[in-house]
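J.: Give the three-dimensional model of this entry:
(2 chains)
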2 protein chains.
Amino acid sequence: MTYETYFNRTRARLLNFLEEFLARKRGEMSGIKTWGDDVIRRLAEFTSRGKLIRGGLVCLGQEMTGSRISGDTVRAGVAMELVQSALLIHDDIMDKDPQRRGFPSLHRQYALLAEMDRISDASHFGISMGICFGEIAIFLAFEALAGLSGPRQRTAAAQEAFASEFGLVGLAQMHDIHSGSSPRPISLQQVMDLYRFKTARYSFSLPLSLGWILGGGRPSVRERLELCGEDLGMIFQLKDDELGLFGDENVTGKSVGSDIRQGKKTPIYLHLLERATPQEQKALGAIFGRQDISRKDILAVRDLVSRYGILEDIRKTMDRYGRRVKNVVRSLPISDRHKSVLDSLLVFSLTRTK
Amino acid sequence: MTYETYFNRTRARLLNFLEEFLARKRGEMSGIKTWGDDVIRRLAEFTSRGKLIRGGLVCLGQEMTGSRISGDTVRAGVAMELVQSALLIHDDIMDKDPQRRGFPSLHRQYALLAEMDRISDASHFGISMGICFGEIAIFLAFEALAGLSGPRQRTAAAQEAFASEFGLVGLAQMHDIHSGSSPRPISLQQVMDLYRFKTARYSFSLPLSLGWILGGGRPSVRERLELCGEDLGMIFQLKDDELGLFGDENVTGKSVGSDIRQGKKTPIYLHLLERATPQEQKALGAIFGRQDISRKDILAVRDLVSRYGILEDIRKTMDRYGRRVKNVVRSLPISDRHKSVLDSLLVFSLTRTK
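T.: Alright, predicted model coming up:
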């Protein structure tokens, strides 16, 4: 089965539960009705625009144990997606990103509302509302998790793994912000470590692991599953960097060059800096980290990346991760059907254009 | 027993657990060591500077059921305080407050660090780091809650009440931000509803309720306990408004007049607007919501508040809440020792200067 067929199916189940859950919450929020209705509507809209791969991976993780997808698993999957929404919303504030998936980012939505409502300092209003919104999404996620009803040993372990991993994401995000703003150099190894915690582990290892735990899978396998998730996640993030520079905005829904604008020290950037002549390094230094770069600046960076074959270097790394994923998947005590989903997810991660 | 004696004792137990918990987490955060150490240190410092009344109320709530304070209760108390820290940190970003408890507020700490580190846009850097920091504190709180080990019916109910109530706090905070920024009028009733969710319920009803649930207290009593908490919390918030205008900065640790600067529609402000002459209303309109008001402006507002006897009106409301608290406390099936703690907390709420 392809990952696409699989995730389309789990997506429907996740959205179903999300809708029910949020409808019930909307009722309970009548004490603060205006904003309750507003937040629930925007949150449902925002979350359901995603591919819900993380929630789908929780389902996959459980099915791999040999059991059928349970209510607890769907619940944990929705919790994953709610926190994911929160992180994206807060990230867009930090990155000053006005767009997400082709729509105004959430803090921008509130800033626009403020402008119509004659509110002074609309930009700060949007940020404040976005911070609260993210908090609420996180609290809703944990409320969903509080309702896990399977064997207690499993549900407690899932709750703990969930909270603990997202704490590390927050730290990695701080590291990322700092390394993007600070003039201090950062090594390739440090960036890769950062990627592990900022993206790979929580997006792939955690959901697979949550499903495995909730399905009562053997702990010894869980570790291999997490390693496989980490490698898949690293590929995903490296591809993200590539699409951020060479992707088609109309397909990705993200503005090209935003990593450059934020001065993000991606592996592409680090490799490039190593190869470039002193003169080129100087030119790059004048472009990276500047908010007002032009289309011409982005093309100049692209040109250097192509000329020095940087993407080929990155792809070698991705292929190395890919080979490890294949080996681990082959060794897992799971059905061929589930192996084929993971294999197809690997192919997608290596070749995706959005 | 006075509330002070009681909360000093619980404070020590809470800090003890907090320290242990954070030390263990610091070890687990070695993958992102630099920021792990930094966050744990600042979070311990920030949280331990508070009075930990919310955590203490969880303990009180449990003791009222007749059992001794359990590990679960201390754990839930620490979770309360961790989310409280997160909310304060995020609030200071939204309110642009440079100080908290006489120290630089957390996002300012990071902005100052950025200035030393030659980071561009130190202010936005501080905000971004503060957002992440708050997220991490929330995740740590839920990790602590995931470790609750008492009867499952109780622990699940506590987790759910916790997550659900804080979601409402987020909504109330959005309402508060909006009503502070929007030129639209807001009624006294709306402000009181807002206070219920923004402060009263989560600060008093929730912790008492958590302790009661974890101690296995009767559900029928829980409702009365929550009502009593709500009223106590309303008094607390109304007193907060008073101290925000008339308090001694050296005692409260907060800058006087910040509600005016943010254009907060407090009951004091609403009462004042109702009584003031058209000319005075115009003068007030030119002061409220302006960041750069002078000491003279604040004194002018104070003068009007005194002249129209606004504080006497507010105190009448507080006394009404106070009488209700007394009646409910008298009716509770708890020991006289615990009744005296609540009574003394009521007196403190009505008369505190910080």
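J.: Close to chain B: what parts of the stretch 201-350 of chain A are there?
T.: Applying Cβ under 8 Å from any Cβ of the partner chain, one finds that the stretch 201-350 of chain A approaches chain B through A:G289. Backbone N, C-alpha and C define where each C-beta goes, glycine included.
J.: how close does A:G61 sit to A:A86?
T.: 21 Å (Cβ to Cβ, to the nearest Å).
J.: A:Q153 too?
T.: A:Q153 is 28 Å from A:A86, by Cβ to Cβ.
J.: what about these two, which has more around it?
T.: Neighbour count, other Cβ atoms under 10 Å in any protein chain shown: between A:Q153 and A:A86, A:A86 has more, with 27 against 10.
J.: Okay, and the more buried one sits in which element?
T.: Element membership for A:A86, per DSSP states H and E: helix A:71-94.
J.: Check which residues of that helix are buried.
T.: A:72-94 (16 or more other Cβ atoms under 10 Å in any protein chain shown).
J.: Show me what it packs onto, helices and strands only.
T.: When contacts are defined as 3 or more Cβ pairs under 8 Å, 6 or more residues apart in numbering or on different chains; DSSP states H and E, helix A:71-94 packs onto helix A:3-28, helix A:33-48, helix A:53-63, helix A:106-116, helix A:122-146, helix A:152-181, helix A:206-214, helix B:122-146.
J.: Report all helices and strands that the shortest one contacts.
T.: This means helix A:206-214. Looks like helix A:206-214 contacts helix A:53-63, helix A:71-94, helix A:152-181, helix A:219-246 (3+ Cβ pairs under 8 Å, 6+ apart).
J.: before we move on, what about the fourth one?
T.: Helix A:106-116 is packed against helix A:33-48, helix A:71-94, helix A:122-146, with contacts defined by 3+ Cβ pairs under 8 Å, 6+ apart.
J.: okay, these in CSV with mean pLDDT next?
T.: Conversion of the helices and strands packed on helix A:106-116 to CSV gives the following (pLDDT from 0 to 100):
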stretch, mean pLDDT
helix A:33-48, 94
helix A:71-94, 98
helix A:122-146, 98
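J.: Please name whichever of those helices is nearest to B:M192.
T.: helix A:33-48 (15.2 Å; Cβ to Cβ).
J.: Run through who's touching that closest one.
T.: Around helix A:33-48, the neighbours that count as contacts under Cβ atoms under 8 Å, 6 or more residues apart in numbering or on different chains are A:15, A:18-19, A:22-23, A:25-26, A:29-30, A:81-82, A:84-85, A:88-89, A:100, A:106, A:109, A:133, A:136-137, A:140, B:171-172, B:174-175, B:178.
J.: ok, now stretch A:234-247?
T.: A:192, A:195-196, A:198-200, A:203-204, A:252, A:254, A:256-260, A:266-268, A:298, A:301-302, A:305, A:311, A:314, A:317-318, A:321-322, A:325, A:346, A:349-350, A:352-354.
J.: Can you flag the buried ones in those?
T.: Using 16+ other Cβ under 10 Å, the buried ones in these are A:195-196, A:198-200, A:203-204, A:252, A:254, A:256-257, A:259-260, A:266-268, A:298, A:301, A:305, A:311, A:314, A:317-318, A:321-322, A:325, A:346, A:349-350, A:352.
J.: Just those residues: which are in helices?
T.: A:195, A:252, A:259-260, A:267-268, A:298, A:301, A:305, A:311, A:314, A:317-318, A:321-322, A:325, A:346, A:349-350 (DSSP state H).
J.: about what we covered before: okay if I get the helices and strands packed on helix A:71-94 as JSON lines plus distance to B:Q281?
T.: JSON lines is the format used below for the helices and strands packed on helix A:71-94 (distance: least, Cβ to Cβ, whole Å):
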{"stretch": "helix A:3-28", "distance to B:Q281": "38"}
{"stretch": "helix A:33-48", "distance to B:Q281": "26"}
{"stretch": "helix A:53-63", "distance to B:Q281": "53"}
{"stretch": "helix A:106-116", "distance to B:Q281": "24"}
{"stretch": "helix A:122-146", "distance to B:Q281": "24"}
{"stretch": "helix A:152-181", "distance to B:Q281": "45"}
{"stretch": "helix A:206-214", "distance to B:Q281": "56"}
{"stretch": "helix B:122-146", "distance to B:Q281": "35"}
